[in-house]
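# Below is the sequence, then the predicted model.
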Amino acid sequence: MSDTPILSIGAEGLDVAQLVANLQATVERKARDGVYADARVARAEKTNLIHLRGTDDFITFYLASLREAVFVDIADFEIRERRRVFGRLLVAFKTLIWKLLKFYTYRLWSQQNQVNGLIITALEGMEEQNAARVAALEKRIAELEKAGHGRA
Amino acid sequence: MAAPDRLAFVCPRLAGSGAVGGAETLLKNLATHAAARGVAVDFLTTCAQSHFTWENTLPPGVERMGGMDVHFFPVDERNPGQFLQIQQQIDRGRPVSVEEELLWLKNGVNSTALMQHLAQHAASYRAILLGPYLFGLTWFAALAHPERALLVPCLHDEPFAKLACMRRLFAETAGCLFNTQAERELAGELFQYPDARARIVGMGLDAFTADPTAFAKRRKINAPYVLYSGRREPLKGTPLLCDYLHAFRQRTGRDVKLVLTGSGDIDAPAELWPHIFDAGFVSEDEKHEAMAGAVAFVHPSVNESFGIVLLEAFLAGTPGLVHARSRVLVSQCRAANAGLWFRHYPDFETQLTYLLDHPAERAQLGRNGRDYVTREYAWPVIEDKFFAALDALLPR
């Protein structure tokens, strides 16, 4: 895999296939360094999952992102309003509602967080077990093939 | 080359007059340019403008437009509930019977009046060009006159293309005018479509010049922006674009705006809304200015057969950033040497960062794109390909 830094790619003789390959190599290097193990990446991929399912490293990549995204954020957040008319009034009203209700939602979200945590742990365990099983099978097939060639 | 005899184009909607769609635009432009070369052209369409309701909103009759006779026919009564029920099954990859496929086609969009016109006049047409492939009107009209029917299928790799009825449509009609080599290859994979009945034509684009600063000045955009033009809907990938740009802004801390032109609802995270400029329907000139000023034209759709707006962005000197699963858009980027393709968010972040940080390379990509479209998609080139395809597929 090329570790060519992307800054060295010049305009002279620019080839998009090579450029994309170099940028993908950069992405893979950064992924190994954990740069994309980020809840925001997991959330951004929600409509792209159907396109990612067939790729080899999808499960590893997505589980790493999901691990960061698994817990429901129950912290306060900025309340916005797109409507111009009564916008400020609506923001104040929604803020008040949030303050009144957040105590009651905590119990719900904390239970949800526990479930989410258990699920991601189970998924990671399954992935590790499957990966180990596939590796063992591949090793066994290679040994059998080697033994078969030896006999022939 | 001697001018061919009368041609008929069949398309469920007429582009313009409130209807937006790449396939509709393509068929209308091919028809207009055939007419401009002195060929008598009848453009047969319906009175509908919306591809959701298929309501008859235009008056029936004949109008002279762009050198051709445009015939508007009313859409038949339909059962939208039955149509949607079967469509959902197909969309989810569930098996449907041949009878259900026919019901789906019948309850899509059809016009008995248009079919009657064709029954009376088919013999006077040298060819009947129909598209896109997945509408009932196209299917019934093509199979009523298969010996003269040339599909302009605008084929996508989607569940509808895998129906038995579509296999029949492609097998029994006289030929296909594909938009790109990638689309032609897809037909090969899906239908084992023979070379003898396939030609690649596409659509021409007129070169233009646009001021790259004009759009941002007029709309008071004081930061770099990426652009998407067209229908905003999940099938076109616009929610993905919004999610990606939102994550990009959060993770990189860079102020990059999103400009959208076209129609449809925008499904975006609330925090991104202050950074979205929804221009809606704009004039062609303003769209070209928006394209010329963008860091990149992002096309997140995986279902494209041509990518008209991507080619327009190339003409505007702007590189493309397209989804790697769209074989057509990737092939356009490769052929033009003018765009990058992303598999997932990490690719998108890296590629957009690259384009932002490398203006010289970005400009080179833009020049490559402009040269490519000017060379390959000038109208005289496309017109020659079109008439050569007619001569090859329906020799006189």
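In hand now; what should we look at? Values in this document were obtained by computation on a predicted structure and should not be read as measured data.

# Show me what the longest helix anywhere in chain A is packed up against.
In chain A, with assignment by DSSP state H, the single longest helix is helix A:87-151. Applying 3 or more Cβ pairs under 8 Å, 6 or more residues apart in numbering or on different chains; DSSP states H and E, we find helix A:87-151 packed against helix A:58-69. In this view, the C-beta of every residue, glycine as well, is placed from N, C-alpha and C.

# Name the residues of the helix it packs on that come out as buried.
A:58-59, A:61-69 (16 or more other Cβ atoms under 10 Å in any protein chain shown).

# Quick one: mean pLDDT for that helix?
Helix A:58-69 comes out with an average pLDDT of 76.

# tally of neighbours for residue 47?
In the absence of a named chain, this looks at chain A. Neighbour count for residue A:47, taken as other Cβ atoms under 10 Å in any protein chain shown: 18.

# other chain: chain B
Neighbours of residue B:47 (other Cβ under 10 Å): 20.

# The one 5 residues further on now?
In terms of burial, residue B:52 registers 7 neighbours under the definition other Cβ under 10 Å.

# mind checking the SS state of it?
Secondary structure assignment for residue B:52 (DSSP: H, G, I helix; E, B strand; the rest coil): coil.

# So which of the buried residues of helix A:58-69 would count as near chain B as well?
The subset of the buried residues of helix A:58-69 within reach of chain B, by Cβ under 8 Å from any Cβ of the partner chain, is residue A:61.

# so how far is the longest helix of chain A from its chain's centroid?
Here the centre of helix A:87-151 is set off from its chain's centre by 10 Å, with Cα atoms, centre = their mean, to the nearest Å.

# the inter-axis angle of that helix versus helix A:58-69?
150 degrees (axes from the mean of the first three to the mean of the last three Cα atoms, to 10 degrees).

# pLDDT on helix A:87-151, on average?
88.

# now swap in stretch B:56-64 and tell me
pLDDT averaged over stretch B:56-64 gives 95.

# Please parse chain B into its domains.
B:7-204+B:378-393, B:214-376 (automatic domain parsing).

# How much space separates the closest residue to residue B:266 other than its chain neighbours from residue A:110?
In space, and not counting its chain neighbours, residue B:266 is closest to residue B:232: 5.4 Å by Cβ to Cβ, 6 or more residues apart in numbering or on different chains. Shown here: residue B:232 relative to residue A:110, a distance of 37 Å by Cβ to Cβ, to the nearest Å.

# what about these two, which has more around it?
residue B:232 (22 against 12).

# Just the pLDDT at the more buried one, thanks.
88.

# same check, this time on residue A:3
41.

# Repeat that for residue B:315.
For residue B:315, the predicted pLDDT is 97.

# ok, and the nearest residue to it once chain neighbours are set aside, which helix or strand is that part of?
The spatially closest residue to residue B:315, leaving aside those adjacent along the chain, is residue B:373, at 4.9 Å (Cβ to Cβ, 6+ apart). According to DSSP states H and E, residue B:373 maps onto helix B:359-376.

# same question, residue A:30
helix A:16-32.

# Provide a list of residues in contact with the residue in the stretch 1-150 of chain B that chain A sits nearest to.
Proximity to chain A, evaluated over the stretch 1-150 of chain B using Cβ to the nearest Cβ, is greatest for residue B:93 at 11.2 Å. Neighbouring residues of residue B:93 by Cβ atoms under 8 Å, 6 or more residues apart in numbering or on different chains: residue B:159.

# now it, what's its secondary structure?
coil.

# What score does residue 23 have for pLDDT?
Using chain A here. 97.

# should've been chain B
At residue B:23, pLDDT is 88.

# so it touches residue B:134, yeah?
No. Applying Cβ atoms under 8 Å as the test, residue B:23 and residue B:134 come out as separate, 9.6 Å apart.

# mind listing what the residue nearest to residue B:266 touches?
Neighbours of residue B:232 in contact, by Cβ under 8 Å, 6+ apart: B:238, B:260, B:262-267.

# Most neighbours out of those, which is it?
Busiest of these [other Cβ under 10 Å] is residue B:238, holding 26 neighbours.

# what are the phi and psi values for the spatially closest residue to it that is not a sequence neighbour?
Spatial nearest neighbour of residue B:238, excluding adjacent residues (Cβ to Cβ, 6+ apart): residue B:232 at 4.4 Å. Per-residue torsions, residue B:232: phi -100, psi 110 (degrees, to the nearest 10).

# and what of residue B:53?
The phi/psi pair for residue B:53 (degrees, to the nearest 10) is phi -100, psi -30.

# any idea how far the closest residue to residue B:374 other than its chain neighbours is from chain A?
Closest residue to residue B:374 apart from its sequence neighbours, by Cβ to Cβ, 6+ apart: residue B:207 at 5.5 Å. According to Cβ to the nearest Cβ, to the nearest Å, residue B:207 and chain A sit 22 Å apart.

# Would you mind measuring from residue B:207 to residue B:338?
15 Å.

# Please apply the same query to residue A:113.
When residue A:113 is compared with residue B:338 (using Cβ to Cβ), they lie 46 Å apart.

# wait, what's in contact with the residue most central in space within chain A?
Nearest residue to the geometric centre of chain A (Cα atoms, centre = their mean): residue A:65, 2.7 Å. Residue A:65 is in contact with A:36-39, A:41-42, A:45, counting by Cβ under 8 Å, 6+ apart.

# go on, residue B:237?
A:47, B:299-302, B:323.

# ok so, going back, please dump the contacts of residue A:65 into TSV; it should also carry distance to residue B:188, neighbour count and pLDDT for every row.
Formatted as TSV, those follow (distance: Cβ to Cβ, whole Å; neighbours: other Cβ atoms under 10 Å in any protein chain shown; pLDDT from 0 to 100):
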residue	distance to residue B:188	neighbour count	pLDDT
A:36	36	22	88
A:37	41	17	84
A:38	41	19	86
A:39	42	16	83
A:41	36	26	89
A:42	37	23	85
A:45	32	25	87
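
# So which of those residues reach chain B?
Answer for the contacts of residue A:65 near chain B (Cβ under 8 Å from any Cβ): A:36, A:38, A:41, A:45.

# Go ahead and confirm the second one touches residue A:68.
Put plainly, it is residue A:38. Yes. Between residue A:38 and residue A:68 there is a contact under Cβ under 8 Å: 5.4 Å.

# could you pull out the strands for chain B?
For chain B, the strands defined by DSSP state E cover B:7-10, B:41-46, B:61-65, B:68-73, B:127-130, B:149-151, B:175-178, B:198-200, B:225-229, B:257-261, B:276-280, B:296-299, B:320-323, B:339-342.

# neighbouring strands for the fourth one, and are they parallel or not?
Yep, that's strand B:68-73 we're talking about. Next to strand B:68-73 in the sheet, as set by DSSP bridges, lie strand B:41-46 (parallel), strand B:61-65 (antiparallel).

# same question, the first one
Sheet partners assigned to strand B:7-10 using DSSP bridges are listed as strand B:41-46 (parallel), strand B:127-130 (parallel).

# how about the helices in the stretch 251-396 of chain B?
Using DSSP state H, counting those that start in this stretch, the helices of the stretch 251-396 of chain B run over residues B:284-293, B:308-315, B:327-336, B:345-357, B:359-376, B:379-393.

# Excluding covalently adjacent residues, which one is nearest to residue B:306?
residue B:179 (3.8 Å).

# surely that neighbour meets residue B:311?
No. Using Cβ under 8 Å, residue B:179 is not in contact with residue B:311, being 10.4 Å away.

# what's the closest of the buried residues of helix A:58-69 to chain B?
Looking across the buried residues of helix A:58-69 and measuring by Cβ to the nearest Cβ, the closest to chain B is residue A:61, at 7.6 Å.
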